[in-house]
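A.B. asks: below: sequence and its predicted model.
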There are 2 protein chains.
Amino acid sequence: MGEGVKRDGDARRERWREHRAARRAEFVEAALKALDEHGPDLAMEHVAAAAGVTKPVLYRHFTDKADLFVALGQRGTEILFERLIPAINREEAPVPRIRKSLDAFFSVIEDHPNLYRMLARKAFNGRPVDSDPVREDKEMIAAALTSLLGDYMRALGLDSGAAEPWAYSIVGMVQTTGEWWLDRRSMTRDALVEYLTTIIWSAIDGFLRQHDIQIDPDKPIEINKVVQLRRAR
Amino acid sequence: MGEGVKRDGDARRERWREHRAARRAEFVEAALKALDEHGPDLAMEHVAAAAGVTKPVLYRHFTDKADLFVALGQRGTEILFERLIPAINREEAPVPRIRKSLDAFFSVIEDHPNLYRMLARKAFNGRPVDSDPVREDKEMIAAALTSLLGDYMRALGLDSGAAEPWAYSIVGMVQTTGEWWLDRRSMTRDALVEYLTTIIWSAIDGFLRQHDIQIDPDKPIEINKVVQLRRAR
DNA sequence: GGTAACTGTTACTTCAGGTAACACTAAAGG
DNA sequence: CCTTTAGTGTTACCTGAAGTAACAGTTACC
């Protein structure tokens, strides 16, 4: 049939596709290096330089700064999830589970402060601020949390419509305290984690008590739910 | 005594100083207009145009984009506080007090969505992202809340060191849900306010119960504390 | 040995932020 | 009345980072 028209590709194509992906990843790593060196105001030229090439090469792999930014956001989410997911999915009592999740988060931003600052400040220094490329990642995180909370709420017979505001509240709270902490460092990570654990647990506990449910903070709960990630990367 | 050296100024100086302040305010209003027209990506040229002049005039009153940005941040805080302070200081039961404060906040950002977006995205589209000019304002808000919460905590004999993380948590939670709500509008303002009221009250209530304190959400509390604002504008 | 899919370069354009230089005006005060 | 002070305003430029054009290799499959 329609053979031979556009043959040959195939085997070759595949290899190149892999290669391109690897190259993009390489630039993302270069960007991380550049962030460490030049602070959170990332310039495309620096990224290219950190990768040992000049701008146009970089631009063959990323259509624009926003594109690189998105990739950095994804990488950031990946780094975060590597530590967060095991912590949040532990079969453990609620309070230690919260504590470990928070600690995972703060340890990640401690390790990559400039990346975090750059992503939190949606600011590229460049022109087209367009519409926030990190949004997608933040929404993914919030969505994961929404569904986790929603599962629990449904299991307990509560209004699961509240799950989304709860998720965004927690994300916002952690994000903002994160920025504040990085800039000030006015307390140790452990102390901060402890305070936030208390706040979050208080919120959950208070909420449940208002619905006449009591849960022991230090005993694993029976109906244990787990974060599902839909990563269609 | 040391008279006559640099006389004459004085009366004249004062008048000019007032004039300059008025002029700055005029540009801030122009910036608000420009925000409404061109969205949250504010260009200096547009601001100047909205004020009916060209850039250099604007630059005689603001050294810098950051300078204008700071002024916008202050104006924003002012607008916010106009509605927030009366709500938060009401002599009322805790829950309605929280509810009214939240409603004040969300009504403000509903009225000035682009201003809010611009301030929340610390992003200028321009070069010198420097260090966040809105930070000061956010910190002022957080500080006010810290001292309010601290007062209550001390009055109840609790660790007031937790006040600051609580304050940043609440600020962050409200800010992030604010951005999310503006972009999505997936629920009414009232519904969102109601959810957040519940979350915050749950947190407070849970926290207090853990210290064996119970407070009626619908009765004014005896030891009523109030926000002090140190506005040295 | 040709060609597809890259590697890389230097030298540009574009655009927003910011500045220089120049011309004018109102009013306080000798 | 005319100078000085502190403004009003303009057009034409500089700067620096984003992004592009045009051109010159290199590799490896078929």
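C.D. replies: Yep, that arrived.

A.B. asks: go ahead and flag the most central residue of chain A.
C.D. replies: Centroid-nearest residue in chain A, with Cα atoms, centre = their mean: A:Thr77, separated by 3.0 Å.

A.B. asks: that one against A:Ala143, yeah?
C.D. replies: No: in this structure, A:Thr77 is not within contact of A:Ala143 by Cβ atoms under 8 Å, at 11.8 Å. Placement of C-beta: from N, CA and C, glycine included.

A.B. asks: low pLDDT regions in chain A?
C.D. replies: A:1-10, A:123-131, A:230-233 (pLDDT under 70).

A.B. asks: in it, which spans are helices?
C.D. replies: Secondary structure of chain A (DSSP state H): helices located at A:11-38, A:44-50, A:55-61, A:65-88, A:94-111, A:113-120, A:135-155, A:163-184, A:189-210.

A.B. asks: show me what the third one is in contact with.
C.D. replies: It refers to helix A:55-61. Outside helix A:55-61, the residues within contact range by Cβ atoms under 8 Å, 6 or more residues apart in numbering or on different chains are A:20, A:23-24, A:27, A:44-45, A:47-48, A:51, A:68.

A.B. asks: now for those residues: which two are most distant?
C.D. replies: A:Arg20 and A:Glu45 (21.8 Å; Cβ to Cβ).

A.B. asks: related to what we said a few turns ago, distance of the residue nearest to the centre of chain A from chain B?
C.D. replies: Distance check for A:Thr77 against chain B: by Cβ to the nearest Cβ, to the nearest Å, it reads 16 Å.

A.B. asks: apart from its neighbours in sequence, what residue is nearest that residue?
C.D. replies: Excluding its sequence neighbours, the residue lying closest to A:Thr77 (Cβ to Cβ, 6 or more residues apart in numbering or on different chains) is A:Asp137, at 4.7 Å.

A.B. asks: and A:Ile213, by the same measure?
C.D. replies: A:Leu156 (6.1 Å).

A.B. asks: now the phi/psi pair for the one you found, please.
C.D. replies: phi -100, psi 0 (degrees, to the nearest 10).

A.B. asks: show me what from chain A comes close to DNA strand C.
C.D. replies: A:9, A:12-13, A:16, A:19-20, A:23, A:52-57, A:60-61, A:127 (Cβ under 7 Å from any atom of the strand).

A.B. asks: any idea which of those is closest to chain B?
C.D. replies: Lowest distance from chain B to those (Cβ to the nearest Cβ) belongs to A:Arg127, with 5.8 Å.

A.B. asks: can you list contacts of stretch A:135-148?
C.D. replies: A:70, A:73-74, A:76-77, A:80, A:88, A:119, A:163-164, A:166-168, A:170-171, A:175, A:225-229, B:180, B:183.

A.B. asks: actually stretch A:165-185, sorry about that
C.D. replies: Contacts for stretch A:165-185 (Cβ under 8 Å, 6+ apart): A:102, A:105-106, A:109-110, A:113, A:116-117, A:120, A:138, A:141-143, A:145-146, A:149, A:187, A:189, A:192, A:196, A:199-200, B:135, B:142, B:165, B:168-177, B:180, B:192, B:195-196, B:199.

A.B. asks: try 6 Å this time
C.D. replies: Identification of contacts with stretch A:165-185 by Cβ atoms under 6 Å, 6 or more residues apart in numbering or on different chains yields A:109, A:113, A:120, A:142, A:145-146, A:149, A:192, B:168-169, B:172-173, B:175-177, B:180, B:195, B:199.

A.B. asks: and for stretch A:42-52?
C.D. replies: Contacts of stretch A:42-52 (Cβ under 6 Å, 6+ apart): A:27, A:30-31, A:33-35, A:38, A:54-55, A:58.
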